[in-house]
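> give me a 3D structure for the following:
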Amino acid sequence: MRKAISAIVLILFYVVLVVGVLEIGVRIARAAAPPSHSGWFWRVPDAVTGWSLQPNAQGRYFAPMYEYDVDVRINSLGLRADEAIGYAKPEDVFRVMVLGDSFIEALQVKLEESLPQRLGQLYTAQTGRPVEVLNAGVSGWGTDQQLLWLQNEGVKYSPDLIILAVYPRNDFMNNSEALEGANQGAIQKPFFEMDSDGLRLNYYPFDPANVPAIAQAEATQASETTEPGSLTALGAWLHDHSALYRYADPRIRIVAPRVAASLARTGLITPGQETKIAAQAADAVPVAYGVYQRTPDETWQAAEAVTASLFAAVQRTATEMGANAAALLIAAPEQVYDEEWQKLLNQYPAMQRWDTDSAAPQQRAATALTAAGLPVLDLLPLFREQAKGATPLHYLNDGHWTPQGHDLAGQATFNFLADAALLPGVDTMRQPLTVRAEARTWWEWIVLVVAALIVGSFVWDIVKTGPTRWLRKAGSGLSTAGELLAYMIRRRQYTLLPLVIILLLFAGLLILAQASVVGPFIYTLI
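The predicted structure is shown next:
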């Protein structure tokens, strides 16, 4: 009994020690999201578009995986733009408006790093002429909402050039009441549909009280409703006080969604997307991925027909406003990176039985845009080529562009618009396409400096002592440590073995500190 109690106490000691070290490490590296919630910047509902950016909203924006942490400010007109930009266009200013979804809204990067602003910076550097590039992107918007905003609000800005940023991975679905309703489980915005006279707008002005409910969604949501788990209070406390908990939580959801679903039932973590995934049938595939089928079914064909008409409507609206228009095709990570595409097929095995093509959405969108009279730049080939480098263009888990992705897209868009003679005053010299190296964080620099000092100290100690004598001393120390470990194993002191290893590591650190120029730092750390 005494040995069992001793073993249990020792195991608990190791657990606390490991958790404590990991907690400290996560805090030092700032690898976990803050305990506070990310900022909310959207106004719901919106009578014109269903939802929109909330004027004067501000705060920090970050995701659970904490791949970015950005201070965001929305101006008084509901754009992610400088407050100085108003409806009236200043004299001699060339004004560009970029319509799009979350890739253009770009809350994942600083405002000056986003594609619209990079485009403006390149234009000014080339021409010296003042320019205003309006970021009119909003998360989740489809082409229908972008058109409605352009007709009701965008027209007030009198742009000279309108760029329609299309994300085919979502936009065909976003523009379809049937597909978007099934994906969201509710009707959350106005929708266009085709009739004999062309496009007809439904649910406008939008009022959530006047839209039909989706029966299947209601049944699904009801089946997912559960009572709070017994560990809900503990989970909330850990979220507020433990950086390690906030670091592990989102990663468990990604790596082991079914384990996360079980933890959610206990209340240790809050229920999320993994709860829905765990409840799905083995052959289930999310609605959105139907876009990758080479031969779409009737519902998808109808969505593409509506989208093509919306492209034409954007072109007509731009012409009526006296503005030129062009289109930009944005690619999803699974279209750019082969490993992400394979991961998607592995996650949803039923897709492997489909006749799929990751480039199919881009091809169909480009065809429809060209038919609507819009010059088109497809970024997919460029991003596939540049993705072979070491600098990531998309955040690994969030999926949106990194600052380097925005920069590359901005350069390519500038060249495309210059070639199409849509940028007045720009000569024929193309902007060289380069991917900037990813900037290191402050703690990465500290680790590199400390590592360099330690390596330098080793080299200096070897030179000062002499290689032969230094190797003899090192061999003697390793031999002593090996004899101690061998003795512990022979005596079967397995419970104490981890503690001895820890003590040996500390001893090695002290020996290193004695001969190192970073000795005072290491002694202080210990």
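
> output the below-cut-off pLDDT ranges for the protein.
By pLDDT under 70, the low-scoring segments of the chain are 7, 215-226, 275-280, 428-431, 436-447, 450-451, 453-454, 457-458, 494-495, 506-526.

> pretty sure Asp69 is touching Ala63, no?
No. Using C-beta atoms under 8 Å, Asp69 is not in contact with Ala63; the gap is 9.1 Å. For glycine as for every other residue, the C-beta is placed from the backbone atoms N, C-alpha and C.

> what residues are shared contacts of these two?
Residues touching both Asp69 and Ala63 (C-beta atoms under 8 Å, 6 or more residues apart in numbering) are Ala33.

> neighbour count winner among those two?
The neighbour count for Asp69 versus Ala63, taken as other C-beta atoms under 10 Å, is higher for Ala63 (18 against 14).

> how much space separates the more buried one from Ile502?
Note on Ala63: its distance to Ile502, by C-beta to C-beta, to the nearest Å, is 35 Å.

> quick one: the strands in the stretch 1-150 of the chain?
42-46, 50-53, 58-62, 69-73, 94-100, 131-137 (DSSP state E, counting those that start in this stretch).

> will you turn these into CSV that also has distance to Ala331?
Below are those laid out as CSV (distance: least, C-beta to C-beta, whole Å):
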stretch, distance to Ala331
strand 42-46, 25
strand 50-53, 24
strand 58-62, 23
strand 69-73, 22
strand 94-100, 13
strand 131-137, 16
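
> closest to Ala261 out of those?
Within these, the stretch nearest Ala261 is strand 58-62; the backing value is 24.2 Å (C-beta to C-beta).

> ok, longest helix in the chain?
helix 2-29 (DSSP state H).

> buried ones in it?
Under the neighbour-count criterion of 16 or more other C-beta atoms under 10 Å, helix 2-29 has 23, 26 buried.

> do stretch 129-149 as well
131-149.

> now do the strands in the stretch 201-350 of the chain.
Going by DSSP E, counting those that start in this stretch, the stretch 201-350 of the chain shows strands at 324-329.

> how much space between the most centrally placed residue in the chain and Gln493?
The chain has Asp398 as the residue nearest its centroid, 2.2 Å off, counting by C-alpha atoms, centre = their mean. Counting by C-beta to C-beta, the gap from Asp398 to Gln493 is 48 Å.

> and if you look at Val435?
According to C-beta to C-beta, Val435 stands 54 Å off from Gln493.

> more neighbours, those two?
More neighbours surround Val435 than the other of Val435 and Gln493, with 18 against 12 (other C-beta under 10 Å).

> leaving out sequence neighbours, find the closest residue to that one.
Excluding its sequence neighbours, the residue lying closest to Val435 (C-beta to C-beta, 6 or more residues apart in numbering) is Thr391, at 5.0 Å.

> ok, and the closest non-adjacent residue to Gly229?
For Gly229, the spatially nearest residue (C-beta to C-beta, 6+ apart) is Gly267, at 2.6 Å.

> OK, contacts around the one you found?
228-235.

> just curious, which of the residues you listed is nearest to Asn75?
Nearest member of the contacts of Gly267 to Asn75, counting by C-beta to C-beta, is Gly235, at 37.6 Å.

> skipping adjacent residues, who's closest to that closest one in space?
Closest to Gly235 by C-beta to C-beta, 6+ apart is Leu268, at 4.5 Å.

> what about that neighbour, neighbour count?
Leu268 is flanked by 20 other residues according to other C-beta under 10 Å.

> and stretch 185-198, how far apart are its ends?
From its first residue to its last, stretch 185-198 covers 27 Å (C-alpha to C-alpha, to the nearest Å).

> now do that stretch: everything it contacts.
Outside stretch 185-198, the residues touching it (C-beta under 8 Å, 6+ apart) are 45, 48-51, 144-145, 148, 175-177, 180-181, 199-206, 208, 211-214, 217, 220-221, 302, 305-306, 309-310.

> buried only: go through those residues for me.
By neighbour count, with 16+ other C-beta under 10 Å, those hold 45, 48-51, 144-145, 148, 175-177, 180-181, 203-204, 206, 211, 214, 217, 302, 305-306, 309-310 as buried.

> just the ones in helices from the residues you listed, please.
Among the buried ones among the contacts of stretch 185-198, DSSP H puts 144-145, 148, 177, 180-181, 217, 302, 305-306, 309-310 in helices.

> okay if I get those as TSV plus distance to Asp419?
Listed next are those as TSV, based on distance: C-beta to C-beta, whole Å:
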residue	distance to Asp419
Asp144	30
Gln145	30
Leu148	31
Glu177	38
Glu180	35
Gly181	40
Ala217	46
Ala302	35
Ala305	30
Val306	30
Ser309	28
Leu310	26
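
> what's the most distant pair in those residues?
Pairwise distances across those (C-beta to C-beta) peak at 26.9 Å, for the pair Ala217 and Ser309.

> can you report how many residues lie near Asn174?
Residues near Asn174, counting by other C-beta under 10 Å: 25.

> list of residues touching stretch 72-92?
Residues outside stretch 72-92 that contact it (C-beta under 8 Å, 6+ apart): 39, 41, 43, 52-61, 95, 105-107, 111, 114, 129-130, 132, 134-137, 153, 156-159.

> try it again at 7 Å.
The contact list for stretch 72-92 (C-beta atoms under 7 Å, 6 or more residues apart in numbering) reads 39, 41, 52-59, 61, 95, 105, 107, 111, 130, 132, 134-136, 156-158.

> now it - C-alpha only, PDB.
This file holds the C-alpha atoms of stretch 72-92, laid out as PDB (Å, rounded to 0.1, in the frame of the first residue of the first chain):
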ATOM      1  CA  VAL A  72      -9.400  46.300 -36.200                       C
ATOM      2  CA  ARG A  73     -11.400  49.500 -36.700                       C
ATOM      3  CA  ILE A  74     -14.500  50.100 -38.900                       C
ATOM      4  CA  ASN A  75     -15.100  53.600 -40.000                       C
ATOM      5  CA  SER A  76     -18.300  55.600 -39.500                       C
ATOM      6  CA  LEU A  77     -19.600  54.600 -43.000                       C
ATOM      7  CA  GLY A  78     -19.200  50.800 -42.300                       C
ATOM      8  CA  LEU A  79     -16.000  50.200 -44.200                       C
ATOM      9  CA  ARG A  80     -12.700  48.800 -43.100                       C
ATOM     10  CA  ALA A  81     -11.000  52.000 -44.300                       C
ATOM     11  CA  ASP A  82      -9.600  55.200 -43.000                       C
ATOM     12  CA  GLU A  83     -12.100  57.600 -41.400                       C
ATOM     13  CA  ALA A  84     -11.000  60.300 -43.800                       C
ATOM     14  CA  ILE A  85     -12.600  58.500 -46.800                       C
ATOM     15  CA  GLY A  86     -16.100  59.800 -47.400                       C
ATOM     16  CA  TYR A  87     -18.600  59.600 -50.100                       C
ATOM     17  CA  ALA A  88     -17.300  62.700 -52.000                       C
ATOM     18  CA  LYS A  89     -14.300  61.800 -54.100                       C
ATOM     19  CA  PRO A  90     -11.500  64.400 -53.800                       C
ATOM     20  CA  GLU A  91     -10.300  66.100 -56.900                       C
ATOM     21  CA  ASP A  92      -7.600  64.400 -58.900                       C
END
